[in-house]
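A.B. asks: Here is my input; please provide its structure:
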Amino acid sequence: MDKAVKIARQRLAMVIEFNGGCFHGWQRQDNAFTVQEAMEIALAKIEGLDCKPEFAAAGRTDSGVHATHMLIHADVLKAMWIKSPQVYVKGLNFHLRDTGVLVHGVKAVGDDFHARFDCYERRYQYKIFNRSVSSTLYGNQAWWVFQSMDVDKMNKAASMVLGEHDFTTFRASGCQSQSSNRNLKVLEVKKDEHMFTVDVAADAFLYHMVRNLVGTLVAVGIGRWEPEFMYELLMAKNRSIAAQTAPAHGLYFTDALYPDFSAQEISGLMG
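C.D. replies: Residues are numbered from 1 along each chain as shown. I've put the predicted structure just below:
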């Protein structure tokens, strides 16, 4: 009996950026176009239409959420990687043109590497455009808040929830995680004229956790609540009493950290 020939594969870690407004999130869906599907189609065009590419990502972003440095992995043809590594940046980008996603870093990794399970810290930024009138430039790239916001009060509130806690209050009802405990390492608000940027980092996040935290920080910033109320909300473990969920289009996945490298560190490799 003939045995099927096993084709040698090479696992690659890839860093991509994408405009979330072009996709219904990262993960493949039956009835909507996603980043994962765009990557699978592009890789199949390079390696052959009978190729069955599979990708895994450091994070599963929602519809409308952007990324500057999302790390994903895939197993590619080893012979092609050795012969022409550039095809996995320039070739993929050729087939990805006009989709809203771009590869800007590639690194060969071991077969046991996993983009999701080996990631020990994920980083996001949230953009808030704060002006009495909206912006044609940032309409789909930042959350417009017209009320004046106090950045010092927002940072005081942010400091109340740093560390390892039960984040049930900031967890969406559809969250499937078995535990609501997370270690929030960074939550900081910076202001540059009309743009507020919220930097967030944690070991992992609950469903809508970043957007729910931002929504409550904005409630503090506009004077609805005092900063100390942030801790009371955390301790209450009750999503219904916190502020609104910030819209998806202001959120950006910005980095994924691993024991030997980060997404930002390998950005530009083989580019």
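A.B. asks: drop to CA atoms for contacts and neighbour counts, all remaining ones
C.D. replies: OK.
A.B. asks: Looking at per-residue confidence, what score does the closest residue to residue 207 other than its chain neighbours get?
C.D. replies: Spatially, and ignoring its direct neighbours in sequence, residue 207 is nearest to residue 175 (5.0 Å; C-alpha to C-alpha, 6 or more residues apart in numbering). At residue 175, the model reports a pLDDT of 79.
A.B. asks: So what's the residue count around residue 175?
C.D. replies: Neighbour count of residue 175, defined by other C-alpha atoms under 10 Å: 14.
A.B. asks: Helix, strand, or coil at it?
C.D. replies: Under the three-state scheme (DSSP: H, G, I helix; E, B strand; the rest coil), residue 175 adopts coil.
A.B. asks: Surely residue 87 is in a helix?
C.D. replies: Yes. Looking at residue 87 with three-state DSSP, it is inside a helix.
A.B. asks: Report the separation between it and residue 93.
C.D. replies: Noted for residue 87: a distance of 9 Å to residue 93, by C-alpha to C-alpha, to the nearest Å.
A.B. asks: same thing with residue 195?
C.D. replies: From residue 195 over to residue 93 (counting by C-alpha to C-alpha), the distance is 31 Å.
A.B. asks: again, but for residue 250
C.D. replies: Residue 250 sits 25 Å away from residue 93, going by C-alpha to C-alpha.
A.B. asks: more crowded one of those two?
C.D. replies: Set side by side, residue 250 and residue 93 show unequal neighbour counts under other C-alpha under 10 Å, the larger going to residue 250 at 24 against 19.
A.B. asks: What sits closest to the more buried one if chain neighbours are left out?
C.D. replies: Closest residue to residue 250 apart from its sequence neighbours, by C-alpha to C-alpha, 6+ apart: residue 142 at 4.0 Å.
A.B. asks: I'd like to know how far residue 196 sits from residue 118.
C.D. replies: Look at residue 196 and residue 118: by C-alpha to C-alpha, they are 31 Å apart.
A.B. asks: Residue 121 contacts residue 200, doesn't it?
C.D. replies: No. Using C-alpha atoms under 8 Å, residue 121 is not in contact with residue 200, being 10.4 Å away.
A.B. asks: Residue 196 and residue 118 - which one has more neighbours?
C.D. replies: Just comparing residue 196 and residue 118: by other C-alpha under 10 Å the higher neighbour count belongs to residue 196, 19 against 14.
A.B. asks: Now that one: phi and psi?
C.D. replies: Backbone torsions for residue 196, taken as degrees, to the nearest 10, come to phi -100, psi 130.
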